[in-house]
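[1] What would the 3D arrangement of this be:
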Amino acid sequence: MSAHLLSLILFLPLAGAIATWLTGLFGKSDKATRAVAFVSSMAVLAISIVLLVKYQIVPKTGRMQFLESATWIPSLGINYALGIDGISLFLVLLTTAITPIVIVSARVSKGLAGYLALLLALETGMLGAFLALDVVLFYVFWEAMLVPMYFLIGIWGGERRIYAAVKFFLYTAAGSLLMLVALLYVFMAFKTQTNVYSGAIFDLWSVSLTHTEQLWLFAAFALAFAIKVPMFPLHTWLPDAHVQAPTGGSVVLAAVMLKMGTYGFLRWALPMFPSAAMTLAPLFLSLSAIGIVYGALVAMVQPDMKKLIAYSSVSHLGFVMLGLFAFDSAAVTGSVMQMVNHGISTGALFLLVGVLYDRLHTREIARFGGLAKVMPMYAAIFLLVTLSSIGLPGTNGFVGEFLILIGTFRAAPLAAAVGGLGVVLGAVYMLWLYQRVLLGPITREENRHVTDVSRLEVAYLAPLLVAILFLGIYPKPVLERIEPAVQYTLDHVQQKSGKAPRFTLSERSDSSNFTLSERSESKGSPR
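    Numbers count the residues shown, from 1 in each chain. Okay, here's the model as predicted:
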């Protein structure tokens, strides 16, 4: 079993999706259908926890672990190749932890079996993108996860669900097609240079390209990933998708799917085209800083709670992109940490919006007010999640943002200063949201009779609240697993581009001597 943990994690949700759909097809109760989906998702979570326990911290190296490889298309050197390192480890854990929470919290009036089956199928797509070590395999999962989300929005969404689903699909598919063209170019460049076909990630990292080639290829990859993040000004699909999606769809979209873009930059675009990435870093730092402030300002004026949180994601993920393009060990490590933190806090926010919508059937901020008087437990939970979202010290949000700003300040002080302004604006719109929804007098009669959170709602929110506090107070177990993989990636960028990244998280005297070929040999990198 230990030799195939990643395959179990990858395909068990798909098996659970089939079992869930069949349970509903044969007329079983919604309770039985939900039980099958929940057990399947918990089994995946349990295996991912085993991964976390077995994962070895190897200082000064970022080697892949739990490697699996099997020939897929031998004539083209394309393999079924999986692996995990500190960058992908916690994104996998986030994915497997969010899914059972979404299943338990699901409130759909019809087609529960289909809804839960699509959530589990979506989990397989997302996990595949995080685990794939072959570029073709990565692309297959990258495209596959669009389909379940399209149907989740299009079938169980709001009044404008078809418009939102089509817009989501067209935006992401358009960027993906350009990435496919660039992917094929790099694939064939490796064949030309070595006379061997290979889609293995570390082989493609080593392809020699001119600066002009890198610029064009990086632009194609970056467009696909920037749409998925989404970066300003490619963000317009996100508010529509969030507002129209069912609560579970919004949670998965915010917590995990948006991280596909930031992960894609770090895993594929930056190390494959480091010279182009460094050349274009000022542009991306500028767009990230603009996105931070723009997202915060637009969030501030939103009348709909879901749309406010959607625009807050544009702002928060601007911080992640800011850290990535600082090319600084502390900043990039903070970016990976912030990917996880954003998934926890924003996922919790969308769940809390779902709790209110289930009771009052509205998301208009003006329709609330004074709810803390009748929902004290809900108010306490919402306050903790709000403090996490604004990055209060002692919560998970502080750790990632602090590392990002510290590292970015060395590379681009002005961008870091703008990011600091974004922190202030984030506190403004989140605390103002809290005040308008939960504080003050109750002005509407229907709000006097709203029930507080149930035991079930507390139960599925509790893991997120624990994570907020644990990661805020003691982030070391996460950071010490992330940092070696980040450092290895930056070392490769340095070697291939000839420009030195800044090392600030920990001292690095000899890690740059660990070369790409040594890593491949130590791992048995699939070819």
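
[2] Just say helix, strand or coil for T71.
    strand (DSSP: H, G, I helix; E, B strand; the rest coil).

[3] Report the beta-bridge partner residues of it.
    N79 (DSSP bridges).

[4] Okay, it and V340: tell me how far apart.
    Note on T71: its distance to V340, by C-beta to C-beta, to the nearest Å, is 34 Å. Placement of C-beta: from N, CA and C, glycine included.

[5] quick one, which of those two is more surrounded?
    Shown here are T71 and V340; by other C-beta atoms under 10 Å, V340 has more neighbours (24 against 12).

[6] what helix or strand does the closest residue to the more buried one other than its chain neighbours sit in?
    Nearest residue to V340, sequence neighbours excluded (C-beta to C-beta, 6 or more residues apart in numbering): F90, at 4.9 Å. Assigned by DSSP states H and E, F90 belongs to helix 86-105.

[7] And the helix or strand following that helix, what does it pack against?
    Once the chain leaves helix 86-105, the next helix or strand it forms, by DSSP H and E, is helix 112-131. Using 3 or more C-beta pairs under 8 Å, 6 or more residues apart in numbering; DSSP states H and E, the elements in contact with helix 112-131 are helix 5-25, helix 30-54, strand 78-84, helix 86-105, helix 135-144, helix 146-156, helix 247-252, helix 259-264.

[8] Determine which stretch of those is the most buried.
    Highest mean neighbour count among the helices and strands packed on helix 112-131 (mean count of other C-beta atoms under 10 Å): helix 247-252, with a mean of 27.

[9] got the CA coordinates for it in CSV?
    C-alpha atoms of helix 247-252 as CSV (Å, rounded to 0.1, in the frame of the first residue of the first chain):
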residue,chain,number,x,y,z
THR,A,247,-22.2,27.1,-1.5
GLY,A,248,-20.1,23.9,-1.9
GLY,A,249,-19.0,25.0,-5.4
SER,A,250,-17.9,28.3,-4.0
VAL,A,251,-16.0,26.7,-1.2
VAL,A,252,-14.1,24.3,-3.5
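
[10] contacting residues around that helix?
    With contact meaning C-beta atoms under 8 Å, 6 or more residues apart in numbering, helix 247-252 is reached by 98-99, 101-103, 105-107, 115, 119, 122, 149, 152-153, 156-157, 242, 306, 347, 350-351, 353-354, 357.

[11] The top helix by length along the chain versus helix 146-156: what angle between them?
    In the chain, ranked by residue count with DSSP state H as the criterion, the top helix is helix 161-194. Taking axes from the mean of the first three to the mean of the last three C-alpha atoms, to 10 degrees, one finds helix 161-194 and helix 146-156 inclined to each other by 180 degrees.

[12] Buried residues of helix 161-194, list them for me.
    For helix 161-194, burial by neighbour count (16 or more other C-beta atoms under 10 Å) applies to 161, 164-165, 167-169, 171-172, 175-176, 178-180, 182-183, 186-187, 189-190.

[13] mind checking how far G175 is from L152?
    G175 sits 20 Å away from L152, going by C-beta to C-beta.

[14] Kindly report the same for G426.
    Note on G426: its distance to L152, by C-beta to C-beta, is 28 Å.

[15] A117 now?
    Using C-beta to C-beta, A117 is found at 10 Å from L152.

[16] Show me the common contact partners of those two, please.
    By C-beta under 8 Å, 6+ apart, no residue touches both A117 and L152.

[17] Could you find the closest non-adjacent residue to L464?
    Distances taken as C-beta to C-beta, 6+ apart put A348 closest to L464, at 4.4 Å, once the chain neighbours are dropped.

[18] mind checking which helix or strand the one you found is in?
    Short version: A348 belongs to helix 329-360, going by DSSP H and E.

[19] same question, T386
    helix 376-389.

[20] Any buried residues in that helix, and which?
    Neighbour counts using 16+ other C-beta under 10 Å place 378-379, 381-382, 384-389 of helix 376-389 among the buried residues.

[21] Any chance of those in a markdown table with distance to T61 as columns?
    Output for the buried residues of helix 376-389, formatted as a markdown table (distance: C-beta to C-beta, whole Å):
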| residue | distance to T61 |
| --- | --- |
| Y378 | 46 |
| A379 | 47 |
| I381 | 41 |
| F382 | 42 |
| L384 | 37 |
| V385 | 36 |
| T386 | 39 |
| L387 | 36 |
| S388 | 32 |
| S389 | 34 |
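
[22] and those as TSV, adding pLDDT?
    Below are those laid out as TSV (pLDDT from 0 to 100):
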residue	pLDDT
Y378	96
A379	96
I381	97
F382	96
L384	96
V385	96
T386	96
L387	95
S388	95
S389	94
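
[23] Go through those and say which is closest to V314.
    S389 (13.4 Å; C-beta to C-beta).

[24] G426 is in contact with the closest one, correct?
    Yes. Judged on C-beta atoms under 8 Å, S389 makes contact with G426 at a distance of 6.9 Å.

[25] any residues in contact with both of those two?
    With contacts taken as C-beta under 8 Å, 6+ apart, S389 and G426 have 312, 316 as neighbours in common.

[26] where's stretch 401-413 relative to the chain centroid, distance-wise?
    Average the C-alpha atoms of stretch 401-413, do the same for its chain, and the two points are 21 Å apart (C-alpha atoms, centre = their mean, to the nearest Å).

[27] Could you list the residues in contact with that stretch?
    Taking C-beta under 8 Å, 6+ apart as the rule, stretch 401-413 contacts 281-282, 285, 319-320, 322-323, 326-335, 337-338, 391, 415-416, 419-420, 423, 502, 504-505.

[28] one more time with 6 Å
    285, 319, 322-323, 326, 328, 330-331, 333-335, 391, 415-416, 419, 502, 504 (C-beta atoms under 6 Å, 6 or more residues apart in numbering).

[29] looking only at pLDDT, what's the mean for that stretch?
    Mean pLDDT, stretch 401-413: 92.

[30] tell me which residues of it are tucked away?
    Residues of stretch 401-413 classed as buried by neighbour count (16+ other C-beta under 10 Å): 401-412.

[31] Which one of those is nearest to L464?
    E401 (18.2 Å).

[32] Tell me the spacing between the closest one and L465.
    Using C-beta to C-beta, E401 is found at 19 Å from L465.

[33] on that earlier part again, among the helices and strands packed on helix 112-131, which comes closest to I201?
    Of all the helices and strands packed on helix 112-131, helix 135-144 sits nearest to I201, with 6.6 Å by C-beta to C-beta.
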